[in-house]
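In: Sequence and computational prediction follow.
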Amino acid sequence: MHLYFIRHGESTSNYGDLITGQQDVPLTDLGRLQATAAGQTIVTQGIKIDYIICSHLQRAHDTAKIIAREIGFPIDKIQVNDLVIERSFGTLEGQPKMNAGALDDELIKKSGGELDPEIRERAQKLLDSLKGTKGNVLIVSHTGFGRRLRAVVEGIPTQYSHNFKNAHLTDLGEL
C-alpha cells in the first residue's frame, strides 16, 4: 500500500485564526479552490488513487469530494472514518489562537482535549486497519491528525512532524 495525505482546504476557522479542533466548519471559497488544485496535482502527477478515507467533518469531507470529482473517483466510494478526525481541543475550540496562549498538553488536558498519545493511538489503529490493503490510499484529514499519522509512519516523536499546508499532497510512502 502506498499512503498519501492531504489536509483539508482552508476553512472559515483557518481564515479567522481560530482553534477549530472538532468543530464542524465549512471550507472558504479559497479552500474549495485549493481542493480542486490538489485533485489536479494528483492527476498531473499520474497518481491513481484506489481508496479515499476522510474525516466526517465538513471541511475534510468536502475537500475529499472535490478531489474525487477532479480525479474521477466515485464519491460514493469515499470512506468516512472517525479515526482520522481532528484532535479535540475541548473548551478551547472556537477561541482565537492568540487568546489561548501556548497550546501545550497541560492546557489541552485542562480543557478536556485529546493528548498526543491518544491521537497517535488513533493513527496506529488506522494503519493497522489498512494492513494488507493493495494500491494507493489517500487520507483527507486535518493537520493535528496528520502530524501524528506521519510521526507513527516515520517512527519519530510528534514534535518533529511539522504542520501541513491546506490541501497540499504529501507522500507518506510505501507501507
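Out: Great, that's in hand.

In: As a check, name the ranges of all strands in this structure.
Out: Secondary structure of the chain by DSSP state E: the strands cover 2-7, 51-54, 79-80, 136-141, 169-174.

In: Just send those back as JSON lines, with mean pLDDT and distance to A151 too.
Out: Heads up, the C-betas are built off the backbone N, CA and C, glycines and all. JSON lines is the format used below for the strands of the chain (pLDDT from 0 to 100; distance: least, Cβ to Cβ, whole Å):
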{"stretch": "strand 2-7", "mean pLDDT": "98", "distance to A151": "12"}
{"stretch": "strand 51-54", "mean pLDDT": "98", "distance to A151": "18"}
{"stretch": "strand 79-80", "mean pLDDT": "98", "distance to A151": "23"}
{"stretch": "strand 136-141", "mean pLDDT": "98", "distance to A151": "14"}
{"stretch": "strand 169-174", "mean pLDDT": "98", "distance to A151": "11"}
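
In: Using TSV, lay out those together with mean neighbour count.
Out: Below are the strands of the chain laid out as TSV (neighbours: other Cβ atoms under 10 Å):
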stretch	mean neighbour count
strand 2-7	24
strand 51-54	22
strand 79-80	14
strand 136-141	25
strand 169-174	14
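
In: okay, those in a markdown table with distance to N163 next?
Out: Conversion of the strands of the chain to a markdown table gives the following (distance: least, Cβ to Cβ, whole Å):
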| stretch | distance to N163 |
| --- | --- |
| strand 2-7 | 8 |
| strand 51-54 | 19 |
| strand 79-80 | 23 |
| strand 136-141 | 13 |
| strand 169-174 | 11 |
